[in-house]
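Novice: prediction below, plus the sequence it came from.
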Amino acid sequence: MSLTAWCPRCREGLEPDADGPQCPVHGSLPPLWRPDEVSYEEFAEHLRLAADFPTYIPWPMGPGWSVTDFGVVTDDARGSRATVTCVSGTSELDGPVDVFVVAEEAGVGLGARVASIVGDDPGHEIADGPAMVRVRIASQQVPLWSVSTSGSDAEFDRSVFAGEASGRWLWIVLRPASAMLLLRDDWILRDVSGLGPPLLEMPFGGQRPVW
């Protein structure tokens, strides 16, 4: 397999154990499978593991943008439980930008890891007051609320939004924080698991983000 097992809640790798993969910090958890190299072949393996669990990417990607990372959390008993993608490029106002999209079942903790916040799921901000932004998935308009990062650190180097789509948590994390202005446009997320031939035209590679 061209994907490597990591902890979905921290940056530790998982070690094999008789009771299943073990994180030295979080114990036994379903693994997060990430590529050793970001390429079409590894992404095809990712989609195979994700099966019918959605893998979202902002669509269409602008000129000069590429897929720079991805991952899928799988459970032998329950199948796929979360996916993450990152696309990177530049904007006129912000320079280099990373955009992460996470879809996950409750309690997995992958979105919180990508967002670098404490806890496993979005906090009380979700559905508290009007949504700050909306994105479109197929014909569905998905409301997203801002998630504060002040309880985790004071760097304010990212903007975090979360909501619910098709019974799962949906997270969008943008770095730098000012890149949140990109979401003022009519953003579309596409589940690329069923994309077919256009998948071959997607650009892969570039500087991998640290998360």
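Specialist: In hand now; what should we look at?
Novice: the nearest residue to Met61 once chain neighbours are set aside: neighbouring residues, count only.
Specialist: Once flanking residues are discounted, Met61 sits nearest to Val87: 5.9 Å by CB to CB, 6 or more residues apart in numbering. (C-beta placed from N, C-alpha, C; glycine too.) For Val87, the count of nearby residues is 23 (other CB atoms under 10 Å).
Novice: so Val87 is in contact with Ile57, correct?
Specialist: Yes - judged on CB atoms under 8 Å, Val87 makes contact with Ile57 at a distance of 6.2 Å.
Novice: overlap in contacts of these two?
Specialist: Counting by CB atoms under 8 Å, 6 or more residues apart in numbering, the common neighbours of Val87 and Ile57 are Val67.
Novice: low pLDDT regions in this protein?
Specialist: 1, 151-156, 185 (pLDDT under 70).
Novice: for the longest helix belonging to it, packing partners?
Specialist: Counting by DSSP state H, the longest helix found in the chain is helix 40-50. Under the contact definition 3 or more CB pairs under 8 Å, 6 or more residues apart in numbering; DSSP states H and E, helix 40-50 sits against strand 3-6, strand 32-35, strand 66-75, strand 79-91.
Novice: show me what counts as buried in it.
Specialist: Of all the residues in helix 40-50, those buried under the rule 16 or more other CB atoms under 10 Å are 42-43, 45-47, 49-50.
Novice: for Leu14, state which of those residues is nearest.
Specialist: Leu49 (14.9 Å; CB to CB).
Novice: ok, that closest one - contacts?
Specialist: By CB under 8 Å, 6+ apart, Leu49 lies in contact with 3, 33, 72, 74, 80.
Novice: same question for Met132.
Specialist: Taking CB under 8 Å, 6+ apart as the test, what Met132 contacts is 144-146, 161.
Novice: which of these has the most neighbours?
Specialist: Phe161 leads those on contacts (other CB under 10 Å) with 25 neighbours.
Novice: touching, that residue and Ser148? I think so.
Specialist: No - between Phe161 and Ser148 there is no contact under CB under 8 Å: 11.1 Å.
Novice: the strands in the protein, which residues?
Specialist: Taking DSSP state E as the criterion, the chain carries its strands at 3-6, 22-23, 27-28, 32-35, 56-58, 66-75, 79-91, 95-104, 133-137, 140-146, 159-165, 168-175, 188-191.
Novice: those strands into JSON lines, with extra columns for distance to His124?
Specialist: Listed next are those as JSON lines, based on distance: least, CB to CB, whole Å:
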{"stretch": "strand 3-6", "distance to His124": "29"}
{"stretch": "strand 22-23", "distance to His124": "27"}
{"stretch": "strand 27-28", "distance to His124": "27"}
{"stretch": "strand 32-35", "distance to His124": "26"}
{"stretch": "strand 56-58", "distance to His124": "24"}
{"stretch": "strand 66-75", "distance to His124": "24"}
{"stretch": "strand 79-91", "distance to His124": "22"}
{"stretch": "strand 95-104", "distance to His124": "18"}
{"stretch": "strand 133-137", "distance to His124": "18"}
{"stretch": "strand 140-146", "distance to His124": "10"}
{"stretch": "strand 159-165", "distance to His124": "12"}
{"stretch": "strand 168-175", "distance to His124": "14"}
{"stretch": "strand 188-191", "distance to His124": "24"}
